[in-house]
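K.L.:
next input, structure requested:
(2 chains)
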Amino acid sequence: MKLRTFVLAVAMGCWLAPPAGATTLVRMSLSQLAQASSTIVQGHVVAQTVRQNAAHTRIMTYTTVQLDKALKGQPPATLTIEQPGGTIGNVHVRVPGTAFLRPQTDYILFLEAAKGQTETYHMVGMMQGAFRVYRERNGVQRRVVLPLGALSTGSGSKTLSQSPALGEFQMTVSGVLAAPIVIPPGTLLPVVIDSTEFRGAGQAVVVGRTTSDLFPSKAVVIPAGSQVVGTAQREGTKWKIYWNSVSVRGRQAHLSGASEVSGSLKGRALVVEAR
Amino acid sequence: MRHKQGAGGRRRIAAGFAALAALFSAVLLFGYNSFQDNLGTVQAPVPVVARWDNVPATPVSWLLNATTPSNNVTGCSGSATCIQQSVAAGFTTWTTAQIPIGGTPQTLTDVVVQYAGASTQTSPNYQDCQNVVGFSDTGGSDFSTGTIAFTQIATVTRPASVPSGTSFQYTCSGAANKTCSLDDCMADADIEFNPNVQFTTSSTIPANTFGLQSAATHEEGHLLGLDHSGIAHTVMFPFGDTTAAGEQTQLATDDAIGISFLYPSANFSTATGVISGTVSLNSSGIFAAHVVAVNAVTGDAVTEGLTAPDGSYTLTGVPPGSYFVLALPLASNSDSGILTLDNFSGWECGYADAACTTVPQNPTSYTGRYH
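P.N.:
Have a look, this model is predicted:
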């Protein structure tokens, strides 16, 4: 085997081998990143500050991003990205896996809202959610740097190249956002029932939420807290619940599954198997 | 120009390899950002080796809050004892790390870790100088979707007023001051497992579940000072895939070299060698190229590093043997974007394109040698 062939084969083997299980992050496809995001924006970094939290137990970095284009959601004109880590004095705090957003740089960012904070966001998948946009040396074409090198779209049929043109990348994002979310049969969804609304004798609408992050396929993610809706029918002393849908960051996915429950519904923890 | 724009940073071991750590190093494969380890410091910082001081005389200690409010740890009932055993087993993996020397595994690290008891801490605290492993982080927003666990690491840097070679003290909230005799000491490292992710202590890993010992071993590598690796079969590789979730609890050679570099035994430097050289393109040094030492006989990717701004690289802790040095074009160019694969003749297909049938030309020139 020629050296260059050997080297390529080794390289392919090294990086295409199934990743091991000792990890910080789930390697997410573009479909999963898009589904898990409440907001996807193209924007540029205009400011960055570092400060402690109120309890003085964490150091956080806050990056201000000016919105240039919204690809998902209805983000404000200015967003704040909260990330762990930063330097205060001679103390330096870091969390491996965190992306650093460079000043005066353009990005496409996959974001989810920070709990309890308005206009503050976290990056989906830590470093995986930041795609730097740059202009080619000839000044014409703008391209996107994929954080993981090549990136699967999740369908298994397409893999984005190392640095696609900005327009191509935006179209690919639009495509994965338009694709239906199909929950594979056999997926087990741990669910807690939050509320019930009775609709006449022996019938109720049941609303629950998932309690674990689920990655049932490379094309689908169901973040913890996703709303699950079904209808319940009284059958003797039991309730039979027919699950209809799950909402993934505002996008509805069909869910077919049934559960049987004795006693009260609210607060009940179940495992729903998708058919 | 790159220096002015702060194109520094480092990848691999928080310490990195000696020569790289002494220079600016850079981006890791798969987008490990050049500033990642320097978050919050907008100006280019100079990476320095950070590790626990005075090891092994002073063991690295850890505490455990085994409370799992969401009952997300299964297997042997997720009991505190069981969880402690899984976490402790991960540390043992690191303290017994071995590098294959001439076909015989040798322990070339001298790191000592001890369990210091139970903790009630529920979220990371970078100031208390206590290394707490926990499952009950109350800051749910700490975990974005896709995060299995994280380690928050605090290091203290020698103040400018303290001459090099002189120890300095740093404060710990609620505890006595500590002393650092290095330029950069690890002061605190807390591991938090995502309460929204399912873990198991069982060796059989169900779908959508992660092996606790496996995830713990990775995070404990961070706690001891290691950063992520770009070699997929290492414990310190940052990404996993739940559809093929496996239990990796055994270190790869790259992992063992990393921990041995940080906490070397007396014979580490004599038992292993160094590969050094330069990666260049059109006679210019390539910054932040990913350099991998590939065993010429087995084809295994053994260890790796990144090039300095002048294109030079040094891989230390390399077991004796014959190697190919593979250089991959991953460099960041602060002036006008990245150096894409298109910059390298013959590499249009890219290393990650399985459908590529064209045999690429070697895209780099390198001068690697083993000594």
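K.L.:
check contacts around the closest residue in space to B:S173 that isn't next to it in sequence.
P.N.:
Excluding the flanking residues, the one nearest B:S173 by CB to CB, 6 or more residues apart in numbering or on different chains is B:Q127, at 4.3 Å. All C-beta atoms are positioned from the backbone trio N, CA, C, and that covers glycine. B:Q127 makes contact with A:H56, A:T57, B:A154, B:T171, B:C172, B:S173, B:D188, according to CB atoms under 8 Å, 6 or more residues apart in numbering or on different chains.
K.L.:
and the residues you listed, which two are the farthest apart?
P.N.:
Greatest spacing in the contacts of B:Q127, by CB to CB: A:T57 and B:T171 (14.3 Å).
K.L.:
show me the helices in chain B, by range?
P.N.:
Here chain B has its helices, by DSSP state H, at B:18-22, B:80-95, B:212-224, B:253-262, B:268-271.
K.L.:
now those helices as a markdown table including mean neighbour count?
P.N.:
Converted to a markdown table, the helices of chain B look like this (neighbours: other CB atoms under 10 Å in any protein chain shown):
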| stretch | mean neighbour count |
| --- | --- |
| helix B:18-22 | 19 |
| helix B:80-95 | 20 |
| helix B:212-224 | 28 |
| helix B:253-262 | 27 |
| helix B:268-271 | 16 |
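K.L.:
and these, which one is worst for confidence?
P.N.:
If you rank the helices of chain B by mean pLDDT, helix B:18-22 sits at the bottom with a mean of 30.
K.L.:
not counting sequence-adjacent ones, nearest residue to the most centrally placed residue in chain A?
P.N.:
Centroid-nearest residue in chain A: A:A36, 2.6 Å away (criterion: CA atoms, centre = their mean). For A:A36, ignoring the flanking residues on the chain, the nearest one in space by CB to CB, 6+ apart is B:T145 at 4.0 Å.
K.L.:
A:T57 and B:T171: which is more packed in?
P.N.:
A:T57 (18 against 13; other CB atoms under 10 Å in any protein chain shown).
K.L.:
measure the more buried one to A:P84 for me?
P.N.:
According to CB to CB, to the nearest Å, A:T57 stands 11 Å off from A:P84.
K.L.:
likewise B:A189?
P.N.:
Counting by CB to CB, the gap from B:A189 to A:P84 is 13 Å.
K.L.:
and for the two, which residues touch both?
P.N.:
Residues within reach of B:A189 and of A:P84 at once, by CB under 8 Å, 6+ apart, are B:Q152.
K.L.:
ok so, going back, residues touching the residue nearest to A:A36, list them.
P.N.:
B:T145 makes contacts with A:M28, A:A36, A:E112, A:V124, A:G125, A:D213, A:V221, A:P223, as judged by CB under 8 Å, 6+ apart.
K.L.:
so which of those belong to strands?
P.N.:
A:E112, A:V221 (DSSP state E).
K.L.:
show me the contacts for B:Q152.
P.N.:
For B:Q152, the contact set (CB under 8 Å, 6+ apart) comprises A:R58, A:P84, A:G85, A:V93, A:R94, A:V95, B:P124, B:Y126, B:D188, B:A189, B:D190, B:E192.
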